[in-house]
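J.: Below are the sequence and a predicted model for it; my questions follow.
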Amino acid sequence: MILAEGGLRTEGYLKESDSSYPLISIVTVVLNGEKYLDSTIESIVNQSYKNMEYIIVDGGSTDQTIDIIKKHESKIDYWVSEKDAGISDAFNKGVGYALGDYINFQGDGDGFVTSDALERVFQNINPRKDVFVSARIQRIDIDGNEIYISKYVPNFKKVSLLFKMSLPHQGLFTHKDYFQKYKLFDDSCTFCMDYDHLLRSYHDFPQVVTRDVIVARWREDGIGNGRTLEILEEYDKTKKKNKVANKLILLIIKYWILIKYYTKVIIKGD
């Protein structure tokens, strides 16, 4: 039997929420992420925000990932390395370990853009009423070159979720009460577990506070890279599962999205 490796930075030491600084739990799930993990960890543990915990859930890496984690162990609140059932399972473990008022996920190729990113996002946030806090993200390619920056939307409209994941995952901070009400991520989802998680509340969507702050990077090297059609198919299935609109509307949206996709493919081909 392979035992899990990991543990708390200080046994018995637990961080708590503060009236001025809600406790934020940052979770990184990783498997063989030695290429980018070091810089991701640095971007998180060097945040100036005063009340943050950092959790790493490793899926049993066989490269140098564990060595990188141990190098930063004094600044990591909790980490574990053990086999899991996929990304959703790893996310759910991270949620289970988290003590924060808000939970955010940063992949091993992602990370915060500046050391004061969290501090800027969480100015005047009220954890008693603000369920979602959403900031902008920078999409980068495998080499770190910018592809685009997500737009700032002063007033979020839930209808945008019918067309895409309009609250960027790396820029989204979800209150722990949302997980208590709508449960954990669906481990049957391969690509859109975060999207599915949001759509569960579509008909009674919580308040979203948006920030005009570029908070995190999203690197183009994840499981969905190059698999756009598979992603779109899973998106369509989760919209149907959560009954966010009637079948005719969802069918129209599905083909509208596909037309846009193939148009871009044709243009790039030229």
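T.: Structure received.

J.: where in the stretch 1-150 of the chain is pLDDT low?
T.: The stretch 1-150 of the chain contains residues with pLDDT under 70 at 1-13.

J.: All the strands of it, residue numbers only.
T.: Here the stretch 1-150 of the chain has its strands, by DSSP state E, counting those that start in this stretch, at 5-8, 24-30, 52-58, 78-81, 102-105, 111-112, 132-140, 146-149.

J.: Now render those as JSON lines, adding mean neighbour count.
T.: C-beta here means a position set from N, CA and C on the backbone, and glycine is covered the same way. What follows is the strands of the stretch 1-150 of the chain, written out as JSON lines (neighbours: other CB atoms under 10 Å):
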{"stretch": "strand 5-8", "mean neighbour count": "14"}
{"stretch": "strand 24-30", "mean neighbour count": "26"}
{"stretch": "strand 52-58", "mean neighbour count": "25"}
{"stretch": "strand 78-81", "mean neighbour count": "21"}
{"stretch": "strand 102-105", "mean neighbour count": "25"}
{"stretch": "strand 111-112", "mean neighbour count": "24"}
{"stretch": "strand 132-140", "mean neighbour count": "21"}
{"stretch": "strand 146-149", "mean neighbour count": "11"}
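
J.: Give me the distance between the top strand by length along the chain and the centre of its chain.
T.: When the chain is parsed with DSSP state E, its longest strand is strand 208-219. Computed by CA atoms, centre = their mean, to the nearest Å, the chain-centroid distance of strand 208-219 equals 11 Å.

J.: Make JSON lines from the strands of the stretch 1-150 of the chain and add distance to Asp196 to it.
T.: Below are the strands of the stretch 1-150 of the chain laid out as JSON lines (distance: least, CB to CB, whole Å):
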{"stretch": "strand 5-8", "distance to Asp196": "28"}
{"stretch": "strand 24-30", "distance to Asp196": "17"}
{"stretch": "strand 52-58", "distance to Asp196": "19"}
{"stretch": "strand 78-81", "distance to Asp196": "24"}
{"stretch": "strand 102-105", "distance to Asp196": "14"}
{"stretch": "strand 111-112", "distance to Asp196": "24"}
{"stretch": "strand 132-140", "distance to Asp196": "15"}
{"stretch": "strand 146-149", "distance to Asp196": "24"}
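
J.: closest to Glu16 out of those strands?
T.: Among the strands of the stretch 1-150 of the chain, strand 52-58 comes nearest to Glu16, with 10.1 Å by CB to CB.

J.: how many degrees apart are the longest strand of the chain and strand 24-30 in direction?
T.: For strand 208-219 against strand 24-30, the angle by axes from the mean of the first three to the mean of the last three CA atoms, to 10 degrees is 30 degrees.

J.: Following element in sequence after strand 208-219, please.
T.: helix 228-241 (DSSP states H and E).

J.: what's that following helix in contact with?
T.: Contacts to helix 228-241, defined as CB atoms under 8 Å, 6 or more residues apart in numbering, come from residues 162, 164-165, 189-192, 195-196, 199, 224, 245, 247, 250, 253-254, 257-258, 261.

J.: buried sites along the longest strand of the chain?
T.: Using 16 or more other CB atoms under 10 Å as the test for burial, strand 208-219 gives 208-211, 213-219.

J.: Stretch 236-255 now?
T.: Using 16+ other CB under 10 Å as the burial criterion, the residues of stretch 236-255 that qualify are 236, 238-239, 242, 244-245, 253-254.

J.: tell me the two of the residues you listed that are most distant?
T.: For the buried residues of stretch 236-255, the maximum inter-member distance is 14.6 Å, found between Asn242 and Lys254 (CB to CB).

J.: How far off centre is the longest helix that the chain contains?
T.: Among all segments of the chain classified by DSSP state H, the helix with the greatest residue count is helix 247-269. How far helix 247-269 lies from its chain's middle: 25 Å, per CA atoms, centre = their mean.

J.: Give me the contact list for it.
T.: Applying CB under 8 Å, 6+ apart, the contact partners of helix 247-269 are 162-164, 228-229, 232, 236, 239-240, 244-245.

J.: Could you dump those residues into a markdown table with pLDDT and distance to Asp67 added?
T.: Conversion of those to a markdown table gives the following (pLDDT from 0 to 100; distance: CB to CB, whole Å):
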| residue | pLDDT | distance to Asp67 |
| --- | --- | --- |
| Leu162 | 97 | 44 |
| Phe163 | 96 | 42 |
| Lys164 | 95 | 38 |
| Thr228 | 90 | 34 |
| Leu229 | 94 | 37 |
| Leu232 | 95 | 38 |
| Asp236 | 97 | 41 |
| Lys239 | 98 | 42 |
| Lys240 | 97 | 44 |
| Val244 | 98 | 44 |
| Ala245 | 97 | 48 |
